[in-house]
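# Would you be able to build a 3D model of this:
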Amino acid sequence: MKIIEGGVTAAAGFEAAGAEAAIKYQNRKDMAMVYSRKPCKAAGVFTSNVVKAAPVMWDKEVVAHSPYVQAVVVNSGIANACTGTQGYECCRKTADRAAELLDLSADAVLVASTGVIGSQIPVDRILAGVDKLVQDKKDTIEAGTMAAEAIMTTDTVSKQAAVQIELDGRTVTVGGMCKGSGMIHPNMCTMLGFVTTDIAISKELLQEALSEDVVDTFNMVSVDGDTSTNDTLVVLANGMAGNREIMSKDENYYKFTEALHYVNQTLAKKMAGDGEGATTLFETRVIHAATKADARRLSKSVIGSSLCKTAVYGNDANFGRFLCALGYSGVKFDPEKVSLYFENGEKSMLIYENGVAADYSEEEASKILASPEVRVLVDMHTGDAEATAWGCDFSYDYVKINADYRS
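All right, here's what the predicted structure looks like:
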């Protein structure tokens with residue numbers, strides 16, 4: 001596997017664009033398009049929140065029943081959630097305009113939105129934005145970056161990743177972009193993610209690969225414990241790499257899932273590290289747990305804890321908070337068997353074992369927690385399963401950003 005530059009335009013046949021449409025923001029890009037020159041197999045995972053945005057309902061229908069997908073239109077600023085029939089009609093009109101200009105069927109167009117919940121999208125502006133996007137789309141790395149920037153809301157940086165693998169003597173590329181900074185606690189999977197690939201693969205296996213991988217990537221992220229109304233992650237595969245179409249779980253399938261996992265995990269970590277007001281990427285790795293499910297639950301409990309997140313922000317080596325979060329996770333274990341470490345990539349420090357604090361330096365532990373990337377390593381000493389979850393610290397700025405979000 002080779003890590004390369006780029007995102008949604010890295011794979012053959014994909015184009016993208018970003019444009020200013022004044023949906024809510026002024027003087028910044030707020031609409032994006034991803035387009036494939038060939039029809040794509042599509043797979044998707046969506047929010048488990050009962051309150052689903054209109055674009056989620058539109059996309060679920062398209063992914064489940066449309067024979068192919070060839071374009072995605074995304075806006076930021078307004079989420080088009082809790083908008084009733086008017087919001088769904090906005091999705092339809094957006095897809096109709098893109099389909100008309102691209103010579104497609106409307107059910108080959110996905111739509112996605114992110115931003116303020118409860119506001120209606122100005123239809124005239126979003127249709128004008130579609131016109132700009134179709135005119136400006138290109139297959140360059142820069143065009144992919146423009147699209148990644150256009151879907152940002154409170155994100156401070158755009159998020160992209162891409163890799164290449166060799167299948168049947170052909171180069172296969174997987175690339176993607178995502179956005180997400182607040183209201184991030186995916187459970188499917190506000191987060192939006194779009195992955196493109198030129199691999200030839202059956203729709204069924206593409207969906208299976210995505211559904212299985214999201215459990216250990218995007219679903220292991222939490223910024224603030226809030227699962228958005230708009231969570232959407234889609235993968236489009238146009239087959240232009242020319243490999244033999246993957247129809248079974250053979251060696252090529254597993255090479256592809258490895259590449260997909262890298263892209264999804266990289267994007268998930270970028271999203272966690274860019275949480276609203278965040279200063280630190282906060283990772284928890286649980287090892288030697290009794291089951292995989294236990295390891296996932298334990299690690300997510302720690303990175304989702306407000307008290308653990310504020311301890312990381314304050315560089316406070318208060319290990320009791322981390323043990324407390326493990327204890328209320330719902331997993332049964334013996335606290336006196338647990339070992340807990342603070343790590344920062346350069347140093348690993350034992351903090352707790354055998355039911356009591358280890359002999360460690362409070363000052364050195366605080367220095368570890370002051371690093372840009374911090375890991376809490378938890379050894380359960382009960383089995384062979386492990387899992388990793390990603391989050392961020394809670395700073396004063398998180399409250400400021402969300403208190404002023406609509407103003």
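
# From here on, just use CA atoms for contacts and neighbour counts.
Noted.

# So which elements touch the top strand by length along the chain?
Secondary structure of the chain per DSSP state E: the longest strand is strand 31-46. Packing partners of strand 31-46 (3 or more C-alpha pairs under 8 Å, 6 or more residues apart in numbering; DSSP states H and E): strand 14-19, helix 54-65, strand 69-78, helix 123-136, helix 141-150, helix 203-214, strand 232-237.

# Can you add distance to residue 250 and give these back as JSON lines?
Putting the helices and strands packed on strand 31-46 into JSON lines (distance: least, C-alpha to C-alpha, whole Å) gives the following:
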{"stretch": "strand 14-19", "distance to residue 250": "26"}
{"stretch": "helix 54-65", "distance to residue 250": "24"}
{"stretch": "strand 69-78", "distance to residue 250": "25"}
{"stretch": "helix 123-136", "distance to residue 250": "38"}
{"stretch": "helix 141-150", "distance to residue 250": "31"}
{"stretch": "helix 203-214", "distance to residue 250": "11"}
{"stretch": "strand 232-237", "distance to residue 250": "18"}
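
# Out of these, flag the one nearest residue 168.
Comparing those by their distance to residue 168 (C-alpha to C-alpha), the top pick is strand 232-237, with 16.9 Å.

# burial of residue 303, as a residue count?
A count of nearby residues for residue 303, using other C-alpha atoms under 10 Å, gives 31.

# these two touch, right, it and residue 388?
No: using C-alpha atoms under 8 Å, residue 303 makes no contact with residue 388, being 9.8 Å away.

# Which residues are in contact with each of those two?
Each of 283, 284 lies in contact with both residue 303 and residue 388 under the rule C-alpha atoms under 8 Å, 6 or more residues apart in numbering.

# Buried deepest among the helices and strands packed on strand 31-46, which one?
Across the helices and strands packed on strand 31-46, the average number of neighbours (mean count of other C-alpha atoms under 10 Å) peaks for strand 14-19, which reaches a mean of 28.

# packing partners for the helix ranked longest in the chain?
Longest helix in the chain by number of residues (criterion: DSSP state H): helix 251-273. The helices and strands touching helix 251-273, judged by 3+ C-alpha pairs under 8 Å, 6+ apart, are strand 159-167, strand 170-179, helix 203-214, strand 281-289, strand 385-392.

# Would you check that residue 45 makes contact with residue 234?
Yes: under the criterion of C-alpha under 8 Å, residue 45 makes contact with residue 234 at 6.6 Å.

# residue ranges with poor pLDDT in this protein?
The model of the chain has pLDDT under 70 over residues 182-184, 187-190, 224, 226, 405-407.

# which residue of it sits farthest from its center?
residue 359 (38.6 Å; C-alpha atoms, centre = their mean).

# give the contact list for the closest residue to it other than its chain neighbours.
Leaving aside its chain neighbours, residue 359 sits nearest to residue 351 (7.4 Å; criterion: C-alpha to C-alpha, 6 or more residues apart in numbering). The neighbours of residue 351, taking C-alpha under 8 Å, 6+ apart as the test, are 319, 339, 340, 341, 342, 357, 358, 359, 360.

# Switch the helices and strands packed on helix 251-273 over to JSON lines; also include distance to residue 267.
JSON lines is the format used below for those (distance: least, C-alpha to C-alpha, whole Å):
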{"stretch": "strand 159-167", "distance to residue 267": "6"}
{"stretch": "strand 170-179", "distance to residue 267": "6"}
{"stretch": "helix 203-214", "distance to residue 267": "11"}
{"stretch": "strand 281-289", "distance to residue 267": "13"}
{"stretch": "strand 385-392", "distance to residue 267": "11"}
